[in-house]
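Peer 1: Dropping a prediction and its sequence here:
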Amino acid sequence: SAKEDAEAAENSWLENLTYTEKVKLHLARALLMNPEVLVLQRPLHHYDANTAKMVLQLLKTHVEERGLAMPAETRETRRPRTCFFTVEDKSQAE
(Lines give C-alpha, C1' and ligand atoms only; values in the text may rest on other atoms or scores of the structure.)
Protein backbone atom coordinates (compact mmCIF):
# COMPACT_ATOMS: atom_id res chain seq x y z
CA SER A 1 0.00 0.00 0.00
CA ALA A 2 1.01 3.64 -0.35
CA LYS A 3 1.19 4.06 3.43
CA GLU A 4 3.60 1.12 3.81
CA ASP A 5 5.74 2.43 0.95
CA ALA A 6 5.89 5.87 2.60
CA GLU A 7 6.90 4.33 5.95
CA ALA A 8 9.59 2.22 4.27
CA ALA A 9 11.00 5.26 2.48
CA GLU A 10 10.92 7.27 5.70
CA ASN A 11 13.04 4.66 7.52
CA SER A 12 15.36 3.74 4.63
CA TRP A 13 18.13 6.02 5.98
CA LEU A 14 18.28 3.82 9.10
CA GLU A 15 19.24 0.80 7.00
CA ASN A 16 22.39 2.58 5.82
CA LEU A 17 23.77 3.01 9.34
CA THR A 18 26.32 0.62 10.81
CA TYR A 19 25.43 -1.27 13.97
CA THR A 20 27.69 1.04 16.02
CA GLU A 21 26.02 4.12 14.55
CA LYS A 22 22.62 2.67 15.47
CA VAL A 23 23.83 2.08 19.04
CA LYS A 24 24.99 5.71 19.25
CA LEU A 25 21.68 6.92 17.84
CA HIS A 26 19.65 4.95 20.37
CA LEU A 27 21.78 6.19 23.27
CA ALA A 28 21.31 9.76 22.05
CA ARG A 29 17.55 9.20 21.82
CA ALA A 30 17.49 7.90 25.38
CA LEU A 31 19.49 10.85 26.72
CA LEU A 32 17.30 13.36 24.87
CA MET A 33 14.37 12.10 26.93
CA ASN A 34 16.35 13.16 30.03
CA PRO A 35 15.36 10.08 32.05
CA GLU A 36 15.65 9.97 35.81
CA VAL A 37 16.67 6.31 35.58
CA LEU A 38 18.63 4.89 32.67
CA VAL A 39 19.25 1.13 32.42
CA LEU A 40 21.72 0.03 29.75
CA GLN A 41 23.06 -3.37 28.84
CA ARG A 42 26.73 -3.18 27.85
CA PRO A 43 26.63 0.40 26.53
CA LEU A 44 30.40 0.36 25.87
CA HIS A 45 30.52 -2.99 24.07
CA HIS A 46 30.77 -1.81 20.45
CA TYR A 47 33.17 1.10 20.90
CA ASP A 48 36.90 1.49 20.71
CA ALA A 49 38.65 2.53 23.94
CA ASN A 50 38.51 6.29 23.25
CA THR A 51 34.84 6.29 22.28
CA ALA A 52 33.94 4.09 25.27
CA LYS A 53 35.72 6.58 27.55
CA MET A 54 33.71 9.46 26.04
CA VAL A 55 30.41 7.57 26.41
CA LEU A 56 31.22 6.70 30.02
CA GLN A 57 32.02 10.36 30.74
CA LEU A 58 28.73 11.38 29.10
CA LEU A 59 26.79 8.99 31.35
CA LYS A 60 28.64 10.30 34.43
CA THR A 61 27.84 13.88 33.42
CA HIS A 62 24.17 12.97 32.97
CA VAL A 63 24.10 11.71 36.57
CA GLU A 64 26.26 14.47 38.13
CA GLU A 65 24.49 17.34 36.38
CA ARG A 66 21.03 15.81 36.77
CA GLY A 67 20.54 15.86 33.02
CA LEU A 68 22.40 17.13 29.97
CA ALA A 69 22.28 20.57 28.33
CA MET A 70 20.07 21.99 31.06
CA PRO A 71 20.39 25.44 32.68
CA ALA A 72 22.99 25.43 35.45
CA GLU A 73 20.77 27.50 37.73
CA THR A 74 18.13 24.74 37.85
CA ARG A 75 20.55 21.88 38.67
CA GLU A 76 19.83 21.81 42.41
CA THR A 77 16.06 21.78 41.89
CA ARG A 78 16.09 18.92 39.36
CA ARG A 79 15.49 15.38 40.50
CA PRO A 80 18.61 13.17 40.70
CA ARG A 81 19.55 10.95 37.77
CA THR A 82 20.66 7.34 38.05
CA CYS A 83 22.34 5.11 35.49
CA PHE A 84 22.67 1.34 35.80
CA PHE A 85 24.69 -0.57 33.24
CA THR A 86 26.61 -3.78 32.74
CA VAL A 87 30.26 -3.81 31.68
CA GLU A 88 32.47 -6.19 29.72
CA ASP A 89 35.37 -6.07 32.18
CA LYS A 90 36.34 -4.32 35.41
CA SER A 91 38.35 -1.59 33.66
CA GLN A 92 35.13 -0.17 32.16
CA ALA A 93 33.66 0.35 35.62
CA GLU A 94 36.50 2.58 36.79
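Peer 2: Structure's in. What do you need?

Peer 1: Report the central residue of the protein.
Peer 2: Closest residue to the average C-alpha location of the chain: residue 27 at 2.1 Å, with Cα atoms, centre = their mean.

Peer 1: Could you pull up the contacting residues of that one?
Peer 2: 40, 43, 55 (Cβ atoms under 8 Å, 6 or more residues apart in numbering). Yep, even glycine has a C-beta here, placed from its N, CA and C like the rest.

Peer 1: Surely the second one is in contact with residue 85?
Peer 2: When you say that, I think you mean residue 43. Yes. Under the criterion of Cβ atoms under 8 Å, residue 43 makes contact with residue 85 at 5.2 Å.

Peer 1: can you pull the buried residues of the longest helix along the chain?
Peer 2: If you go by DSSP state H, the chain has its longest helix at helix 49-64. For helix 49-64, the neighbour count (16 or more other Cβ atoms under 10 Å) marks 52, 55-56, 59, 62 as buried.

Peer 1: gap between the worst-scoring helix or strand of the chain on mean pLDDT and the chain center?
Peer 2: Of the helices and strands making up the chain, the lowest-confidence element is helix 2-15, at a mean of 74, by mean pLDDT, DSSP states H and E. The chain centre lies 24 Å from the centre of helix 2-15; the measure is Cα atoms, centre = their mean, to the nearest Å.

Peer 1: now do stretch 59-79
Peer 2: 15 Å.
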